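# just the structure for this:
(one chain, ligands or ions: 2)
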Amino acid sequence: MKLLEKTCRDIFPQDSEMRAAAKARLDQLALPHWALGDLMDLAIELAGMTRSMSPSFKRKAVVTMAGDHGVVAEGVSKFPQEVTPQMVANFVNGGAGINALARQVGAEVLVVDMGVNSDLSALSAAGKIIDKKVGPGTNNIARGPAMSIAAARRAVEAGIEVAQSLREYDLLGTGDMGIGNTTPSSAIAAVLTGRPVEEVTGRGTGLNDEQYRRKINVLEQILQVNRPDPSNGLEVLAAIGGFEIGGIAGLIIGAAAQRQPVLVDGLISTAGALIAYRIEPFVRDYIICAHRSVEPGHKYMQEMLGWPRPLLDLNLRLGEGTGAALAMNIVEAARAVLVDIATFAEAAVAQADK
Ligand SMILES: Cc1cc2ncn([C@H]3O[C@H](COP(=O)(O)O)[C@@H](O)[C@H]3O)c2cc1C
Ligand SMILES: O=C(O)c1cccnc1
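Ligands and ions are numbered 1, 2, ... in the order given. I've put the predicted structure just below:
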């Protein structure tokens, strides 16, 4: 059996007994009922995912998957393609947004070359990035498919291999880097949510009105040229995806098989999560939607994943895993609610009269 199918076979729903036990304890905490709101709901999720009443999130990593996109030839980004490898170098040097926010929460940043259009072999030889390059960037999806079905499978299986190498971690976050990647992500959003292009397309790195109109036209063209079967995750990835989006999908599938909670970042990461969800619906039990991106399609994608309200809503539009890193603070807080707060009985506090 192939790695993807074998890994999906190991994905099970959350543990319902552990969820019930967590709820029973949270119901008894010495505070007005459910007064810590969404943190308490999140604590139930964490117990169900980890099968533990006292989960620990000491070892944390954000995995930032990088890849390039042939569709940049259509003028869909504000920035040139060289920025992708330049930002990879910035990640390695510790100077990017994700480095600052991961450091703040005690998470490592692991950078994966899924398909950057540049030779990064010196960085991988030095052990500074993980080399899973599927190809030197995707084909231009305004003209044809992004990649072959075989390459789509390779990308997802590479993501699974990365997850398997992180088995010892307690909490994972997804991240992306790839100039132009809001375009395939919006295309995936349109195909999988069924929403019209205008509702799921944003300005990415900051397009002006004219550039934004162009991006919408390019997206219409992408959907006319490529008509993947929305029920087939690998086919959607091959038609209109990206190598890093496939890697993110695989990372999520691998994390779910290992019962590791995975914080899903912004628009691009959520496109990866939707691909994973199409391949194996039970991955949803291990996904935590970290934040709501400024990109308008994000909302509909998160609704599909069962997260109408993600943990944070801070007007972020960066990617890299920054929202996932930030939300690790909230996961730690939910853990503390479950583990560190006394019940009425333990604290000898009188319960409500009625
Ligand atoms: C310096 C810089 C750092 C970034 N870090 C993440 N992104 C984000 O912006 C890009 C997607 O936007 P678009 O589709 O408009 O190109 C991706 O690389 C994403 O990770 C960046 C973009 C830039 C320019
Ligand atoms: O939602 C995101 O993660 C995002 C939005 C714009 C540009 N890059 C990333």
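# any idea how far the closest residue to ligand 1 within the stretch 1-150 of the chain lies from Gly250?
Per C-beta to the nearest ligand atom, Ser77 is where the stretch 1-150 of the chain lies closest to ligand 1, at 3.2 Å. From N, CA and C alone the C-beta is placed, and that goes for glycine too. Distance, Ser77 to Gly250, by C-beta to C-beta, to the nearest Å: 25 Å.
# same check on Ile216?
30 Å.
# and for Glu210?
37 Å.
# check Ser148 too.
16 Å.
# so which of those two has more stuff around it?
In this view Ser148 and Gly250 are compared by other C-beta atoms under 10 Å, and Gly250 has more residues nearby, 32 against 13.
# do I have it right that Leu316 meets Leu267?
No: with contact defined as C-beta atoms under 8 Å, Leu316 does not reach Leu267; the gap is 10.2 Å.
# more neighbours: which of those two?
Legend: neighbour count by other C-beta under 10 Å for Leu316 and Leu267, higher for Leu267 (26 against 21).
# wait, that one touches Lys299, no?
No: proximity of Leu267 to Lys299 does not meet the contact threshold set by C-beta under 8 Å, at 10.2 Å.
# spell out which parts of the chain neighbour ligand 2.
With C-beta under 6 Å from any ligand atom as the criterion, the chain comes near ligand 2 at residues Thr182, Gly204, Thr205, Asp265, Gly266, Leu267, Ile268, Ser293, Glu295, Arg317, Leu318, Gly319.
# turn the residues you listed into CSV, columns for pLDDT and secondary structure.
Formatted as CSV, these follow (pLDDT from 0 to 100; DSSP: H, G, I helix; E, B strand; the rest coil):
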residue, pLDDT, secondary structure
Thr182, 99, helix
Gly204, 98, coil
Thr205, 98, coil
Asp265, 99, coil
Gly266, 99, coil
Leu267, 99, helix
Ile268, 99, helix
Ser293, 98, coil
Glu295, 98, coil
Arg317, 98, coil
Leu318, 98, coil
Gly319, 98, coil
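# out of these, which comes closest to Ile129?
Nearest to Ile129 among the residues of the chain next to ligand 2, counting by C-beta to C-beta, is Gly319 at 17.0 Å.
# can you report how many residues neighbour the closest one?
A count of nearby residues for Gly319, using other C-beta under 10 Å, gives 29.
# which stretches in the stretch 151-300 of the chain count as strands?
Assigned by DSSP state E, counting those that start in this stretch, the stretch 151-300 of the chain shows strands spanning 171-177, 262-264, 287-289.
# among those strands, which comes closest to ligand 1?
Closest approach to ligand 1 among the strands of the stretch 151-300 of the chain (C-beta to the nearest ligand atom): strand 171-177, 4.5 Å.
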